[in-house]
Every structure is written in C-alpha cells, then in structure tokens.
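1. Provided below for reference: sequence and predicted model.
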Amino acid sequence: MQRMFGTDGVRGVANAELTADLAFALGRAGALVLTQELSHKPTLLVGRDTRISGTMLENALCAGICSTGASVISLGVIPTPAVAYLVRHYKADAGVMISASHNPFEYNGIKFFNADGYKLSDAVEDKIEAMIRENNYPTLPTGEHVGRYSIKTDATEDYIDFVTSCIDCRLDGMRIAIDCANGANSVAAPTALSQLGANVNALYNAPDGININAGCGSTHIDALGEYVKNNPGYDIGIAFDGDADRMLAVDETGSPLTGDEVMLIVGNHLKEQGLLTKDTITATVMSNLGFFLAAEKLGIHAVQTAVGDRYVLEEMLKEGYALGGEESGHIIYLHKNTTGDGLLSALLLLSVMQHTGKKLSELRKIVTILPQVLVNARVKNENKPLLKTNEVIVAEIEKLEAEMGGEGRVLIRPSGTEPVVRVMLEGNDKEVLRARAQKLAGTIEALLG
C-alpha cells in the first residue's frame, strides 16, 4: 500500500486525490495525534497559499480539527515559513499549511508542523495515517466541548515584523525586482522589503486562484532574468515559489544564481561574522560539485545528505549546524526559523550585499558552478537495488570517474516515484557530459530495464 505522506506532506490533485473528505480526516487524525498528551484545550494554526482549492480544503480540514475539541485559528493566505514561526510565536500546539509548493494550481497539499515549528517525523506521520486507514478514533466531544474556529487578520504583519528583524541593516537605496509567483508571498515580500527602505517592483503578485507558479516564480527563473536584463537599474531580482519556502535570485545583469550560490555567499559572510556554526553548510548530494570545491577553498565544511529538505534538517538538528539547503533554493537558517524561508533567505542575501557594498555579480565569483547534465534511464522498479551491485554498471561508473580525474562527478539516483534512474554528470564540457550520460543511461536501461 502506497504511503499517504510523501516527502513534504500529503499531496495530490485537489478534489480527485486530495479530497475534502481526506482533508477532514487529516484534520481530525492530525489534531488527535499531535495533541493527545496535552492537558489543556489544544489550538492549531492553519494557513494556505492562493490556490482555488485552498478554501475548500481549509474548511474541511478545520472541521476535522474542531470535531476533536481542538480550536482553529485561520491565518488566511500566508507563507509556509510564517506558519512555522507563528506556531511558536502564538504558543499554539501545532500548525498546518495547505499548499502544493511549486506545483501547478490544480494540485494541493497538507503538511503539519509541531509545536516547535518543525515538520513531522515519519513516525508521527505514520500514526496519523494509521488512524485514518483504521478509522480508529476515540469518542469525540459534543456540546460546549466542540472546538472553535476563529480568524487572525494580522498574522502576515506579525510574520513581517519577525522576518525584518532578522537582519541588522536597512535596504535604503536598493532597487529590487521580485517575482511573487502569484503565491503566498504576494503581500508579505513586497511589504517587508519596502518597510526596510528598498525600492521594490513586485511582479506576478496578482493571484487569481489558478495563476500560481504559472510561468513565474523560482521554477521559472528565466522570466525574472529577462525582465531584469531588459530593464537596467535593478540591483537584484528575487523569485519565490508558490508557498514561499524557497527563493532564487538573478544578479543585476539578469543572470540567475542557483541555491548553491546563494548558500555559499550567505554562508561565507556568516563565517566571517562567526555565525556559521562549526563552519559548516549542509547540502544534498544534488548540490553542484563547484559548490563543494568552492566551500573547501573558503574553509567551509560541506556536509552531504540525501535529496530532500527534511534530510537536510535532520542532519542540521543532529549535529547542531545553522545553515543548509538545496540547489533549488530551499534554504534553512536555524538561528532564525525552523524550515526553509524564502523571504528570510532573500534578506540574508541582501544584507551581504549591503554590508560588503558589492554587486551580486561580484559576490558570486567565489563559486564556479560546473555544467551539469541529467538523463533518465527507464528501469523496472524491482531492479533498482541492483544499481550498486551490477558489475558492468559499477565498472562503467568507475571508468567515467577516472576519466574525469577529480574535475567531474557521476551521481546515480533512483527515483522514489517513477520507474527511472536519474543519471547526473558534472564536469567542464557540457556536450562531452551529455554524450557520457546518455551512454551510461543506455547501459543501465539495457541491463535493468
């Protein structure tokens, strides 16, 4: 049986896979599991992004929560990291975000945060799922013991107050273009940056329920790059995704930066200030080889985890690291927030520019991102474990790595959801890499397909 929870909550096409019935069940089971040991009447926060299905799912979810006797405070449209922060700020018992992040509008998702603002562990998610599948609920309250629903109208302002306090400088004199992805940051981001003194031009900040992430946002960074390139005078362009837990940037020429570059620029500045705990940045195996080479030159230790922000966070919490993230722009700074925070990441990057007086095109010179090629090899799911033991495949990979002589990398990663193996090569010549990657993918398909 396929697990209900994925790597970032429960997701699916709204009203088909993620139905109102399922949202109600998740609200009820989630509230019961997360608050079962409390001696007081629990309170849960609920936020959502701008998708048309958001209000439908919110109403069902909140009904499920209230049916347990817990109360709900609706935060309305708000970034995911705001929910993580406000759970702690309001001293709530849990938080829920309704969003499918960077996915198209027809999708939606539900993810939970505990009282400390962290996403749930697999074990807690499994308890919620088991309760739903087994339909095993305790006796539910009636009468005056049913939960109450209320709306918090100034939640966005409270988040803005928090995030603007996270940097020690103003942004006066900076001209910034921001792509809000027609998503959850359409109000918070331009307001926060303007309050700090920046001259802000907000693009894609008119959500209509169906235009979230549509040709805009951090997954379509080229749109912002073209805008900045064709409208000279901006110091930087910043793009968020639909729920604003990630960000990417373009420099003053319109050239895009990866999350790896943002992490290294911010991390190097934090190191110089003595704020980069253990001089370490936590990244994933998908971070560019150039990132790791540059980190070594800067005296920064770069730790690798499996792909997924939850694995980055687990490593950071286990070892006490402060900064980590993914090349997609999902960056976590634990000194300030408990999850990826696009607006916080943007402010950290802007503060480096202000403190150093350097243009972003100059700051990014500390790292050279190597060309990267990704090719999918179609295989049978049952054959994926043979990747590490098949002698022909292992020999082919070793041969490729030897040919690269330390100036390239081979990464083979089975997909968790599709019958494919992702073959990624990094090096100096993209065309050579493409030919090598296609050859290796062909070998894998022939042996395991």
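-> Done, it's in. Everything numeric here is computed off the predicted structure, so don't read it as measured data. Numbering: from 1, shown residues only.

2. CA only for contacts and neighbour counts going forward, please
-> OK.

3. domains of this structure?
-> 10-153, 158-366, 372-448 (automatic domain parsing).

4. between those, which gets the lowest average pLDDT?
-> In terms of mean pLDDT, the lowest-scoring of those is domain 372-448 (a mean of 87).

5. and that domain, how far apart are its ends?
-> Domain 372-448 has an end-to-end distance of 24 Å (Cα to Cα, to the nearest Å).

6. about what we covered before: would you turn the domains of the chain into CSV with distance to residue 4 and mean neighbour count?
-> Listed next are the domains of the chain as CSV, based on distance: least, Cα to Cα, whole Å; neighbours: other Cα atoms under 10 Å:
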stretch, distance to residue 4, mean neighbour count
domain 10-153, 6, 20
domain 158-366, 17, 21
domain 372-448, 13, 16
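
7. Show the secondary-structure elements that the helix or strand containing residue 403 is packed against.
-> For residue 403, the host element (DSSP states H and E) is helix 391-404. Helices and strands touching helix 391-404, by 3 or more Cα pairs under 8 Å, 6 or more residues apart in numbering; DSSP states H and E, are strand 409-414, helix 430-448.

8. quick one, phi/psi of the residue of the chain most remote from its centre?
-> Using Cα atoms, centre = their mean, the residue of the chain lying farthest from its centre is residue 143. It sits 40.8 Å away. Backbone torsions for residue 143, taken as degrees, to the nearest 10, come to phi 60, psi -140.

9. same question, residue 354
-> According to degrees, to the nearest 10, residue 354 has phi -70, psi -40.

10. for residue 77, same thing?
-> Torsion angles, degrees, to the nearest 10, at residue 77: phi -70, psi 120.

11. got a list of what the spatially most central residue of the chain touches?
-> For the chain, residue 330 is the residue whose C-alpha lies nearest the centre (Cα atoms, centre = their mean; 4.0 Å). Going by Cα atoms under 8 Å, 6 or more residues apart in numbering, residue 330 touches 245, 246, 247, 259, 309, 340, 341, 342.

12. roughly how far apart are it and residue 307?
-> 11 Å.

13. next one: residue 223
-> For residue 223, the distance to residue 307 - Cα to Cα - is 26 Å.

14. With adjacent residues omitted, what lies nearest to residue 332?
-> residue 340 (4.4 Å; Cα to Cα, 6 or more residues apart in numbering).

15. was I right about the one you found contacting residue 241?
-> No - Residue 340 lies out of contact with residue 241 (Cα atoms under 8 Å); the separation is 11.4 Å.

16. Any idea how far the helix or strand residue 223 falls within is from the middle of the chain?
-> Using DSSP H and E, the secondary-structure element containing residue 223 is helix 221-230. Distance, stretch centre to chain centre, for helix 221-230: 22 Å (Cα atoms, centre = their mean, to the nearest Å).

17. what do you get for stretch 28-39?
-> So, by Cα atoms, centre = their mean, the centroid of stretch 28-39 is 26 Å from its chain's centroid.

18. coming back round to it: ok, so of the contacts of residue 330, who is nearest residue 163?
-> Taking Cα to Cα as the measure, residue 163 lies nearest residue 341 of the contacts of residue 330, at 9.4 Å.

19. Now do the SS call for the spatially closest residue to residue 413 that is not a sequence neighbour.
-> Spatial nearest neighbour of residue 413, excluding adjacent residues (Cα to Cα, 6+ apart): residue 422 at 5.1 Å. Classification of residue 422 by DSSP: H, G, I helix; E, B strand; the rest coil places it in strand.

20. same deal with residue 47?
-> Going by three-state DSSP: residue 47 is strand.

21. you'd agree it is up against residue 76?
-> Yes - using Cα under 8 Å as the test, residue 47 is close enough to residue 76 to be in contact (5.3 Å).

22. which SS state does residue 74 fall under?
-> Residue 74 - assigned by three-state DSSP - is strand.

23. Tell me what it is bridged to.
-> Note on residue 74: beta-bridge partners by DSSP bridges are residue 46, residue 151.

24. Distance of it relative to residue 155?
-> 9 Å.

25. tell me the contacts of residue 351?
-> Per Cα under 8 Å, 6+ apart, neighbours of residue 351: 167, 168, 169, 170, 171.

26. among these, which are in helices?
-> Judged by DSSP state H, helices contain none of the contacts of residue 351.

27. May I see those arranged in a markdown table, with distance to residue 196 as well?
-> Output for the contacts of residue 351, formatted as a markdown table (distance: Cα to Cα, whole Å):
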| residue | distance to residue 196 |
| --- | --- |
| 167 | 10 |
| 168 | 11 |
| 169 | 8 |
| 170 | 5 |
| 171 | 5 |
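
28. List of residues touching the helix or strand where residue 62 lies?
-> Under the criterion of DSSP H and E, residue 62 resides in helix 54-66. Residues outside helix 54-66 that contact it (Cα under 8 Å, 6+ apart) are 19-21, 23-31, 46, 48, 71-72, 98-99, 108, 146-149.

29. Output that helix as PDB - backbone C-alpha positions only.
-> This file holds the C-alpha atoms of helix 54-66, laid out as PDB (Å, rounded to 0.1, in the frame of the first residue of the first chain):
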ATOM      1  CA  GLY A  54      -7.400  26.200  -0.800                       C
ATOM      2  CA  THR A  55     -10.600  27.400   0.900                       C
ATOM      3  CA  MET A  56     -12.400  24.200   0.100                       C
ATOM      4  CA  LEU A  57      -9.700  22.100   1.800                       C
ATOM      5  CA  GLU A  58      -9.300  24.600   4.600                       C
ATOM      6  CA  ASN A  59     -12.900  24.400   5.600                       C
ATOM      7  CA  ALA A  60     -12.800  20.600   5.500                       C
ATOM      8  CA  LEU A  61      -9.600  20.400   7.500                       C
ATOM      9  CA  CYS A  62     -10.700  22.900  10.100                       C
ATOM     10  CA  ALA A  63     -14.000  21.000  10.500                       C
ATOM     11  CA  GLY A  64     -12.000  17.800  11.200                       C
ATOM     12  CA  ILE A  65      -9.800  19.700  13.800                       C
ATOM     13  CA  CYS A  66     -12.800  21.200  15.600                       C
END
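
30. And that helix, how far out from the chain middle?
-> For helix 54-66, the distance to the chain centre is 24 Å (Cα atoms, centre = their mean).

31. Who are the contact partners of the nearest residue in space to residue 92 that is not next to it in sequence?
-> Spatial nearest neighbour of residue 92, excluding adjacent residues (Cα to Cα, 6+ apart): residue 43 at 5.5 Å. Shown in contact with residue 43 (Cα under 8 Å, 6+ apart): 70, 71, 72, 73, 92, 93, 94.
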